[in-house]
Every structure is written in structure tokens, then in C-alpha cells.
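> need a structure here:
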Amino acid sequence: MSTQFFGHVIGGEEVESLDGKRFDVYNPWTQEVFAQAAEGSAEDAERAVASARKAFDEGPWPRMTRPERATAIHRLADLMEERIEELATLDTTNMGKPYAQAKHDVGRSVANFRFFADHQRDHTGEVYPMPSGHHTYSEFGPVGVVGAISPWNFPLMMASWKIAPAIAWGNTCIIKPSEDTPASVTLLGRLALEAGFPPGVLNVLNGHGAPAGSTLTADDRVDRVTFTGSSTTGKTVMASAASHLAPVSLELGGKGANIVFDDADIDNAVHWAVEAIFRNSGQICLAGSRLFVQDGIYDEFMERFKAAAEALTIGDPFDPEVTFSVLSSKKHFDKVSSYLEGIEEQGGTVLTGGPDEEGRWLVKPTILTGLPLDSPQYRDEIFGPVCVVNRFETEAEAVHLANDTRYGLNAMLFTENLSRAHRVSSNLRAGTVWVNCFFIRDLRTPFGGVGDSGVGREGGDFSREFFTEPKAVVMQIDREVPGAK
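Numbering: from 1, shown residues only. Purely as a prediction, here's the structure:
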């Protein structure tokens, strides 16, 4: 059986690496190679940057009117909708997520492009009245070349979150998808050319973090760097970009707290607790991996939560009945599984779940109880379907436990008490707080985290601030020549 090939998209065409090197791309469900991708070298990264730089400095994209750019981006979104099955199939094949979830991700990716196309088209600057006889206003122009590195857990959706605002505001972009999941992003690059994007506006650089990614972030022709991934890698990216003073936007790890108060709607809380840790096999930076349940409902809640976790249908991600499938790679399976060793020695209990015993790269929906608060399972971002549960007595204790982490990407709380909902939300150290829900996004709002969860915010005007150069224009209106009569 012939395998597919995913090349780089550079300068308006799909190309091999300069040295001809390729790497294998796996289907984690079958554990077989289903494709090969161009393995980007430092030289490939440099030519991608050169392509984007030329397209910005000499090409039409940043000089188009905002409505013209919006039209072009909507044309790309149209093509994505026409190819939704193909894009979703690539993400399911390449990453192992259930097909229905992959289709949902494509829909959200389309929404990202449409939102930012319209956001930049319709935005306005600000006017600052001055008593000195001057007229001052702000405008927002493109910054230049954006280097973007996207993760493997939402291959297309997270890439679109970076690409859409970057190009909407008139920049050119090099996107480097994870080496584990190059497929759908490469197809996106092909669709951009089909949509009529000028050469060099959207470049796809496939390859590993080094040398492809590291060369990209260190190149002084790159004006902005946006990265989603682990906190450790994020620090490396930040240091690399700092070598040429490129601003960075980093969306990094998470260890989200999920607080369930004893007045919560238990059915609703159980539903979202399952979604928050077991959707996408727990491979979500926003996962509610630390669950805190108030004493008054602890036993009832845990009985229902365990039953709901065990009711998830595990299997082939292309089976429409399946809601839970494999992890993205053998390497990641080994990492997640390692956290399930020595639980009893630490005083904990595996309430349900554990590594698959049939040789699949799969960890079943896992619930851990009784672990000390300084255990690795409680402290580290496992990035898998592993939920660590603790109980609490008071609101103050819950807030303390939730904030007792070096991460701060998101949190959830479930309560029917409106005052408590507002009060606790304000006291949680997190970039996003969901009340009685999870994973709901309004693209106008800030998205990002604190602590080891990242630097900066994106979304709506926050993306505008990052992907543009704000400029003040001061005009003299009342002109009086000193000494003139």
C-alpha cells in the first residue's frame, strides 16, 4: 500500500526538503506508518522565512484592503468546509481522536478563520481629543513575519488559532505543526494556495523542534513568535525569540482544577467532569485533571463519576459509537502509563482505569483517589485520561487547593449559588474560569494562562494587540506661527 506524502508548503508550492529527507507519520490506532512528511532542516526553515519575508516586504497581502483580505480568508474557510471530511479523517488517522470530535475541531477551525477575517475588517482605532489644538488617533498595522508552532493534540484547530489572526491582520506566517501530526496542517497549506493566497503568505514547515523549530524562532527576520506546547519547551522558545527581541505569545501546560460544591447540579457536574478529563483521551491542556468534591456530595458524586467513566465506549476512532480511543503515540503512551506506577505505595487507590492490556497505545479512563498533595500525579501535567480526586470541606479550602499549583491556565466550578460563583471565580488564579460548563469559547475573550501556563493572551482585541504594531498619529489642527500677527 502506498503511503501519503506531506511536504513543506513554501513560496506558493509544496516541496521536498532540500536534502530530500523524510520521516514516518504514524496512525496510533493501527500503530502503522500511514504517511511520510518532509523533514525540515535549518536550511528549509531559512527558506520558509525568506519566502514569508519577501511576501510581506514586496507582496500584495499586507497592502490589500481589509475587506479584500477578509474575502480571501473566507474563501479558504469555504474550501475547508467543502473538505471537512478529509480534514477530519486526517486528524483522526494521524492523532487517534474519535472522528466526530475531529469533525467538530474542523468546524471550530473554520470559525476561527471567519471570526478573525471579520474582526480585522470591522475593527476601529481610537481617537484621543486634545485641548492643545491637535487631533490624535491610533491605528494598527501588520508586524511582518509570524513564526507559529502548534501542538499535536488539536492539530488543525490550534494551528488555525494562530494562523487566522496572524494573516488576517496582514502578516505573513510560517506554521510548524508538530512532527507527530503534520497531515491536516499541510492540507490547510494546500487549500490556502487553492484559495488564491499569494505565494509566501502561509508557509507550512514540517519537521522536528530542532533544527526546524529552533531555527525558525531564532531567525531575526521573524517579528513575532506564537507557540503552544509544554512549559519546558515554551521556556526554550522564549529564550530563542529573546535573542532578537521578538515578542512571544505562549500557551503552555495546565493542571486545571474542577471544584464541585455540594449544591451543584450533580448530573451536570458529572457530565462536564467526564468531558473535562476524558475528552480527546485527556490530551487537552485545559483538562480538569484535579477534581475537588465537597464532603456533602462526595460519595454520591464519585459513584456517578466512576460509572460515567466506565460507560465510555472505547475502540476504533472511526467507529461512530466510540467516544474514547488511543493516545497519540507510543512515546506519549509510555509517559502517561509511567504515572500509574506506584500508586498504592503512595497511599493512593486506582478507582478505575489503567493502561490497556491488549497492546494498544491506550490508557483507559482512570480515576485516582487518596494521593498526597505533593505526589507527581497531583503536581505534574500528565496530559492523559488521569483524574486525581480530593475532597474538601469549605469554600476557602477549595480555593486554596485549586490555586496550589505552578500552572494557571483554567479552572471550573459547579454551584447553584450565584454569589459563590462570582466570588470563587474572582479568587481563582487562572486565565479562564468555567462555571457549570467546560470548553465553551467566545473568540472575543482573552485566552491564555499565568505561571507555568504561559505568557500573554490571544483572542479578539488581544490577538490584535499581539499581531499588529499599534501606532499613534498626532496631527496639528490649529496652526499658529509664533510671533505672527
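> Show me the shaky parts of the stretch 51-200 of the chain.
The stretch 51-200 of the chain contains no residues with pLDDT under 70.
> wait, the stretch 351-485 of the chain
481-485.
> mind listing the helices for it?
376-379, 395-403, 418-427, 460-467 (DSSP state H, counting those that start in this stretch).
> among those, which is the most enclosed?
helix 460-467 (a mean of 21; mean count of other CB atoms under 10 Å). No exception for glycine: its C-beta is placed from N, CA and C like everyone else's.
> helices or strands up against that one?
helix 99-122, helix 155-168, strand 224-228 (3 or more CB pairs under 8 Å, 6 or more residues apart in numbering; DSSP states H and E).
> Would you reformat those as JSON lines and include mean neighbour count and distance to Gly347?
Below are these laid out as JSON lines (neighbours: other CB atoms under 10 Å; distance: least, CB to CB, whole Å):
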{"stretch": "helix 99-122", "mean neighbour count": "21", "distance to Gly347": "35"}
{"stretch": "helix 155-168", "mean neighbour count": "28", "distance to Gly347": "37"}
{"stretch": "strand 224-228", "mean neighbour count": "26", "distance to Gly347": "35"}
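> out of these, nearest to Gly12?
helix 155-168 (14.5 Å; CB to CB).
> re earlier: of the helices of the stretch 351-485 of the chain, which approaches Gly189 most closely?
Nearest of the helices of the stretch 351-485 of the chain (CB to CB): helix 460-467, 19.0 Å.
> mind giving me TSV with the helices of the stretch 351-485 of the chain and columns for distance to Thr228?
Below are the helices of the stretch 351-485 of the chain laid out as TSV (distance: least, CB to CB, whole Å):
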stretch	distance to Thr228
helix 376-379	21
helix 395-403	23
helix 418-427	24
helix 460-467	14
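> Out of those, which gets nearest to Ala308?
Closest among the helices of the stretch 351-485 of the chain, using CB to CB: helix 376-379, at 20.6 Å.
> Only C-alpha atoms, please: export the closest one in PDB.
Listed next in PDB are the C-alpha coordinates belonging to helix 376-379 (Å, rounded to 0.1, in the frame of the first residue of the first chain):
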ATOM      1  CA  PRO A 376       3.700  13.700  40.900                       C
ATOM      2  CA  GLN A 377       0.200  12.700  39.800                       C
ATOM      3  CA  TYR A 378      -1.200  15.700  41.600                       C
ATOM      4  CA  ARG A 379       1.500  18.200  40.600                       C
END
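> Which strands or helices does it pack on?
Packed next to helix 376-379, using 3+ CB pairs under 8 Å, 6+ apart, are strand 386-392.
> what separates the strand it packs on from the chain centre, distance-wise?
25 Å (CA atoms, centre = their mean, to the nearest Å).
> Ok, stretch 81-97 next?
17 Å.
> again with stretch 228-241
14 Å.
> Roughly how far does Leu250 sit from Gly431?
12 Å (CB to CB, to the nearest Å).
> got any residues that touch both of those two?
Gly454 (CB atoms under 8 Å, 6 or more residues apart in numbering).
> Let me know the distance separating the residue most central in space within the chain from Thr181.
For the chain, the residue nearest the mean C-alpha position is Met158 (4.2 Å; CA atoms, centre = their mean). Distance of Met158 to Thr181, computed by CB to CB: 10 Å.
> related to what we said a few turns ago, the residue nearest to the centre of the chain and Leu371: what is the separation?
From Met158 to Leu371 the distance is 30 Å (CB to CB).
> And Pro470, by the same measure?
For Pro470, the distance to Leu371 - CB to CB - is 47 Å.
> The two - which one has more neighbours?
Leu371 (19 against 12; other CB atoms under 10 Å).
> Can you verify my assumption that the residue nearest to the centre of the chain contacts Ser150?
Yes. The criterion here is CB atoms under 8 Å, and Met158 meets it with Ser150 at 4.6 Å.
> okay, and the common contacts of the two?
Joint contacts of Met158 and Ser150 (CB under 8 Å, 6+ apart) are Thr228.
> Neighbours of Leu413, how many?
25.
> residues in contact with it?
Asn258, Ile259, Val260, Phe261, Ala421, Val424, Ser425, Leu428, Val433, Trp434, Val435, Asn436.
> ok, and what's touching stretch 122-129?
His135, Thr136, Tyr137, Ser138, Glu139, Phe140, Asp461, Arg464.
> Go again with 10 Å.
66-67, 70, 134-140, 168-169, 460-461, 464, 468, 470-474 (CB atoms under 10 Å, 6 or more residues apart in numbering).
> so how far does that stretch reach from one end to the other?
22 Å (CA to CA, to the nearest Å).
> Measure how buried Glu251 is and give me the count.
Quick note: Glu251 (other CB under 10 Å) scores 27 neighbours.
> doesn't Phe447 make contact with it?
Yes. Glu251 is within contact range of Phe447, at 7.3 Å (criterion: CB atoms under 10 Å).
> Distance-wise, check Val473 relative to Ala111.
On the measure of CB to CB, Val473 and Ala111 end up 33 Å apart.
> Same question for Val399.
33 Å.
> Just to check, Ala421 is in contact with Asn436?
Yes. Between Ala421 and Asn436 there is a contact at 7.8 Å, judged by CB under 10 Å.
> got the buried residues for stretch 449-460?
Within stretch 449-460, the residues scored as buried using 16 or more other CB atoms under 10 Å are Gly449, Gly451, Asp452, Ser453, Gly454, Val455, Gly456, Arg457, Glu458, Gly459, Gly460.
> Columns distance to Arg190 on top of the residues you listed, output as CSV?
Converted to CSV, the buried residues of stretch 449-460 look like this (distance: CB to CB, whole Å):
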residue, distance to Arg190
Gly449, 33
Gly451, 38
Asp452, 36
Ser453, 33
Gly454, 30
Val455, 32
Gly456, 30
Arg457, 31
Glu458, 25
Gly459, 27
Gly460, 29
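> can you tell me which of those are in strands?
Gly454, Val455 (DSSP state E).
> Would you point out the most distant pair within the buried residues of stretch 449-460?
So, these by CB to CB: farthest apart are Asp452 and Gly460, at 24.4 Å.
> if I look at Glu251 and Phe447, which residues touch both of them?
Joint contacts of Glu251 and Phe447 (CB under 10 Å, 6+ apart) are Trp161, Leu286, Leu409, Gly431, Gly454, Gly456, Arg457, Glu458.
> In TSV, list those along with distance to Ala45.
Below are the shared contacts of Glu251 and Phe447 laid out as TSV (distance: CB to CB, whole Å):
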residue	distance to Ala45
Trp161	22
Leu286	30
Leu409	29
Gly431	30
Gly454	24
Gly456	23
Arg457	27
Glu458	23
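> which element follows the helix or strand where Ile175 lies toward the C-terminus?
In this structure, Ile175 is located in strand 172-176 according to DSSP states H and E. Per DSSP H and E, strand 172-176 leads on to helix 183-194 as the next helix or strand towards the C-terminus.
> now that following helix and helix 99-122, what's the angle there?
40 degrees (axes from the mean of the first three to the mean of the last three CA atoms, to 10 degrees).
> Skip ahead from helix 183-194 and say which helix or strand is next.
In N-to-C order, the element after helix 183-194 by DSSP H and E is strand 202-204.
> That following strand: what's the following helix or strand?
helix 214-218.
> other SSEs contacting that following helix?
Applying 3 or more CB pairs under 10 Å, 6 or more residues apart in numbering; DSSP states H and E, we find helix 214-218 packed against helix 42-58, strand 145-149, strand 172-176, strand 224-228, helix 231-242.
> Could you check the very next helix or strand once past the last one and say which residues are buried?
Which is helix 231-242. Sequence order places strand 248-251 as the next helix or strand after helix 231-242, per DSSP H and E. Buried positions in strand 248-251, judged by neighbour count with 16+ other CB under 10 Å: Val248, Ser249, Leu250, Glu251.
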